[in-house]
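Asks: coordinates only, sequence not included:
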């Protein structure tokens, strides 16, 4: 029993609890706001399971090291980020082409008025084009193991270059061109944050940290993750998804698009969801970061 509740396992228990309770909150949010299930007993059951499950995992996988658990959480965060990456990549390209066809009435010329109206309808485009592509994104993230943020960066540059050329050389510009750049740039910034954290790529306001011993640096990283990183991301999720009128859920439920209508991309609803992806991946990655630094403290004691 003492081994089960050792400092290492307590760290694992805390991190698993944070991650699992986050997914429990997301499940309840989806059931309540998107499916319409309002069963309080069912909701309590999910949270009870989420509270017990971390203890079960720690006991069942008692022989796992902190590094193994940290790597597992990192791979989970990375998979979510990869799914999001593939979704914004294929939907960005597809919606760009569709918006071009609709705004210039090429869809009506080549495929008829019914196709033009279908593609111009935000509900039709999101349900029958975006949704299948979102499902495809899960498959592509599983199939291709590497993460292509560098390609998304390149695509942002290419898209911006095309805007400059079309505007100043051909005097042609449409709203969907700028929407694509903002869409990809927001995704790049928010989805890569968790990956950057584990690679120590974020900028530090370094006054005392560099002078700390490795053990004290690890302690500082844990304190920052527990008291600042995880609570901040938790607040983003809680206040952004606490009801149908909340910042994240309202645009998704209403299939919100830009005010320019057919002249812009139909992805504004997804950009609200970027905040949720950011918060989820960062919570998971902060938990992995805690385990990684806990392992560093244990190594320094030997």
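Replies: Noted; the coordinates are in hand. Computed from a prediction, not measured in an experiment: that's the story for all the values here.
Asks: residue 87 and residue 173, how far apart?
Replies: Distance, residue 87 to residue 173, using C-beta to C-beta, to the nearest Å: 26 Å. No exception for glycine: its C-beta is placed from N, CA and C like everyone else's.
Asks: of the two, who's got more company?
Replies: Shown here are residue 87 and residue 173; by other C-beta atoms under 10 Å, residue 87 has more neighbours (24 against 13).
Asks: can you name the helix or strand that the residue lying closest to that one once chain neighbours are set aside falls in?
Replies: In space, and not counting its chain neighbours, residue 87 is closest to residue 137: 3.7 Å by C-beta to C-beta, 6 or more residues apart in numbering. Using DSSP states H and E, residue 137 falls within helix 131-143.
Asks: and that helix, how far out from the chain's middle?
Replies: Its chain's C-alpha centre lies 14 Å from the corresponding centre of helix 131-143 when counted by C-alpha atoms, centre = their mean, to the nearest Å.
Asks: stretch 109-122 now?
Replies: Here the centre of stretch 109-122 is set off from its chain's centre by 32 Å, with C-alpha atoms, centre = their mean.
Asks: buried set for that stretch?
Replies: By neighbour count on 16 or more other C-beta atoms under 10 Å, the buried set for stretch 109-122 is 116, 118, 119, 120, 121, 122.
Asks: now, among those residues, which is nearest to residue 128?
Replies: Nearest to residue 128, judged by C-beta to C-beta, of those is residue 118 at 8.1 Å.
Asks: where's that closest one relative to residue 133, distance?
Replies: From residue 118 to residue 133 the distance is 16 Å (C-beta to C-beta).
Asks: circling back to that earlier point, I figured the residue nearest to residue 87 hits residue 81, correct?
Replies: No: under the criterion of C-beta atoms under 8 Å, residue 137 makes no contact with residue 81, lying 11.4 Å away.
Asks: these two: who's more crowded?
Replies: When neighbours are counted by other C-beta under 10 Å, residue 137 and residue 81 differ, and residue 81 comes out ahead with 26 against 20.
Asks: wait, isn't the more buried one in contact with residue 190?
Replies: No: here residue 81 does not reach residue 190: they are 9.4 Å apart, not a contact under C-beta under 8 Å.
Asks: now the common contact residues for those two.
Replies: Counting by C-beta atoms under 8 Å, 6 or more residues apart in numbering, the contacts common to residue 81 and residue 190 are residue 277.
Asks: where in the protein is pLDDT low?
Replies: Scanning the chain for pLDDT under 70 picks out 1-5, 146-149, 200-206, 259-263, 300-302.
Asks: helices of that one, start to end?
Replies: 7-30, 40-60, 66-103, 106-111, 113-120, 122-125, 131-143, 149-168, 175-191, 193-198, 214-224, 230-240, 249-253, 268-301 (DSSP state H).
Asks: any chance of the ones you listed in a markdown table, plus distance to residue 208?
Replies: Shown next, in a markdown table, are those (distance: least, C-beta to C-beta, whole Å):
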| stretch | distance to residue 208 |
| --- | --- |
| helix 7-30 | 24 |
| helix 40-60 | 33 |
| helix 66-103 | 25 |
| helix 106-111 | 60 |
| helix 113-120 | 57 |
| helix 122-125 | 51 |
| helix 131-143 | 39 |
| helix 149-168 | 31 |
| helix 175-191 | 28 |
| helix 193-198 | 20 |
| helix 214-224 | 8 |
| helix 230-240 | 21 |
| helix 249-253 | 40 |
| helix 268-301 | 17 |
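Asks: deepest of those helices, which one?
Replies: helix 268-301 (a mean of 22; mean count of other C-beta atoms under 10 Å).
Asks: and that one, how far from the chain's centre?
Replies: 11 Å.
Asks: show me what it packs onto, helices and strands only.
Replies: The contact analysis (3 or more C-beta pairs under 8 Å, 6 or more residues apart in numbering; DSSP states H and E) places helix 268-301 against helix 7-30, helix 66-103, helix 175-191, helix 193-198, helix 214-224, helix 230-240, helix 249-253.
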